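1. Structure of the sequence below:
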Amino acid sequence: MIRLNLPEYKFRVQNTEKGVRIFDFIRKKFIILTPEEWVRQNFIQYIIKEKKYPSSLVAVETGLKYNRLKKRSDITVYDKKGIVWMIIECKAPEVKISQDTFQQVAVYNMSGRSKTRFLAVTNGLKHYCCEMNYEQDKYDFLKDFP
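-> Numbering: from 1, shown residues only. Prediction:
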C-alpha cells in the first residue's frame, strides 16, 4: 500500500482467496484492504497513539441519516458522555480533498440530529479538521487536531 503522511504502524494482514485483509482492532475483525480502508486503519492508529483518543470512544462505520438516506461515518469519536464529538471522513489517497469534498461532509453533519463539535477529512496524505459553529452556520479550520 501507498506510504501515507502519517507515522508508520504495524498491522495484522492476511492473504485470502478474496484478497488481502487487514485487522480492524476497533471492530475486532479482518476487513478487505482497499485504499480507503488503508487510510482509515492508519488514521485510527494516529488518533489513538499520537492524539491519545481512548480507543473505547472510537467507532467505525456508524450509521447516520441525511434527508432520510442512511449514511455511514468512517470514524466517529465520542466524548465521555457518549455524545458524538468528532466525525472523520476517510478518502482513498488518490482522491483529492477539495472544498467540495469537505462541504459534502459538513452538509451531512449540519443536517443531522447529532451535531458534532469537530469534523475532519483525510486521504492519508492531507488531513483537515474544523470546529463547527452552529450559531453562525459555518466551520472554522484548525491548524491541528484537538
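2. first to last residue in stretch 84-101, what's the distance?
-> Across its full length, stretch 84-101 reaches 21 Å between end residues, using C-alpha to C-alpha, to the nearest Å.
3. Stretch 49-62 now?
-> 21 Å.
4. roughly how far out does it sit from the chain middle?
-> Put simply, stretch 49-62 sits 10 Å off its chain's centre (C-alpha atoms, centre = their mean, to the nearest Å).
5. Could you pull out the buried residues of that stretch?
-> Neighbour counts over stretch 49-62 (16 or more other C-beta atoms under 10 Å) mark Tyr53, Leu57, Val58, Val60 as buried. The way it works is simple: take the backbone N, C-alpha and C, and place the C-beta from them, glycine included.
6. is it true that the third one touches Asp74?
-> No: with contact taken as C-beta atoms under 8 Å, Val58 and Asp74 are classed as non-touching, separated by 11.0 Å.
7. Now do the SS call for Gln45.
-> Three-state call for Gln45 (DSSP: H, G, I helix; E, B strand; the rest coil): helix.
8. What is the burial count for the nearest residue to it once chain neighbours are set aside?
-> Of all residues not flanking Gln45 in the chain, Tyr9 sits nearest, at 4.2 Å (C-beta to C-beta, 6 or more residues apart in numbering). By other C-beta atoms under 10 Å, the residues close to Tyr9 number 14.
9. oh, and call the first residue 685 from now on, that's how I've got it
-> All set: I'll call the first residue 685, so the last point we hit is now Tyr693.
10. Can you classify Tyr693 by secondary structure?
-> Assignment for Tyr693 (three-state DSSP): coil.
11. can you tell me which helix or strand the residue nearest the centre of the chain belongs to?
-> Closest to where the C-alpha atoms of the chain average out (C-alpha atoms, centre = their mean) is Ile772, at 2.9 Å. Using DSSP states H and E, the element containing Ile772 is strand 768-774.
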